[in-house]
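Participant: predicted model follows, preceded by the sequence.
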Amino acid sequence: MKLTWFGDDTFRIHAAGAIVVVEGEGALPGVDRAELVSGADLVVAFAGAMSSASGDWKPRAPLRMLEVDEAMRQPEVVGLGQGALVVDADGEAPLVLAREDFSATGRWLGQAVVVLIGEGLAERGGKLLERAAPRLIALAGSESAVDAAFDALRDRLDGTGLIALERGMAVEV
């Protein structure tokens, strides 16, 4: 899966042969919307993501060999409450984009890539690590918020990866 952060809460995600664009709430300087959504298979906004019926969301079951055709299923984007959503794509780890705390739990969270967006990254990362140890935590915020999160979280990771995202730079996760 390839993840590109464009600032604020705008992302372009290449997963399972599809392109998913998550649009932020405001226009970003220097980012052409037409170019951002060009070629996208799915364009969603945080507010427009279909919400799960409860906090007990879990990934879709993998397709059985008899169900698979030449094209994979389109990724599914589901809201995990106010300010968080998950991208569920075949053959990829669940990708959580969280502007705020989210209450989702389950074994799947241990395999997930969680992107914490905005401010308060250290506190939110600490709360996340208290209840689960995701495979990777990616930080998308100001330089000071990211530095504070690295200082607060580095000794608590216990096998969880921690990276900082840079605007406009794609990262393979």
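Facilitator: Received the coordinates, thanks.

Participant: what's downstream of the lowest-mean-pLDDT helix or strand in the chain, the next helix or strand?
Facilitator: The helix or strand of the chain with the lowest confidence, counting by mean pLDDT, DSSP states H and E, is strand 50-51 at a mean of 68. Remark: after strand 50-51, the chain's next helix or strand is strand 76-79, criterion DSSP states H and E.

Participant: alpha carbons of that following strand, as PDB, please.
Facilitator: In PDB, the C-alpha atoms belonging to strand 76-79 read as follows (Å, rounded to 0.1, in the frame of the first residue of the first chain):
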ATOM      1  CA  GLU A  76     -14.200  -0.200   1.300                       C
ATOM      2  CA  VAL A  77     -14.100   3.000   3.400                       C
ATOM      3  CA  VAL A  78     -15.900   2.900   6.700                       C
ATOM      4  CA  GLY A  79     -16.300   5.600   9.400                       C
END
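
Participant: mind listing what the residue lying closest to Phe102 once chain neighbours are set aside touches?
Facilitator: In space, and not counting its chain neighbours, Phe102 is closest to Ala84: 3.6 Å by CB to CB, 6 or more residues apart in numbering. Every residue, glycine included, has its C-beta placed from N, CA and C. By CB atoms under 8 Å, 6 or more residues apart in numbering, the contact set of Ala84 is 96-102, 104.

Participant: what about the helices in the chain?
Facilitator: Remark: helices assigned in the chain by DSSP state H are 33-37, 121-131, 143-153.

Participant: among the ones you listed, which comes closest to Gly110?
Facilitator: Nearest to Gly110, of all the helices of the chain, is helix 121-131, at 10.6 Å by CB to CB.

Participant: list the helices and strands the closest one packs on?
Facilitator: strand 113-117, strand 136-140, helix 143-153 (3 or more CB pairs under 8 Å, 6 or more residues apart in numbering; DSSP states H and E).
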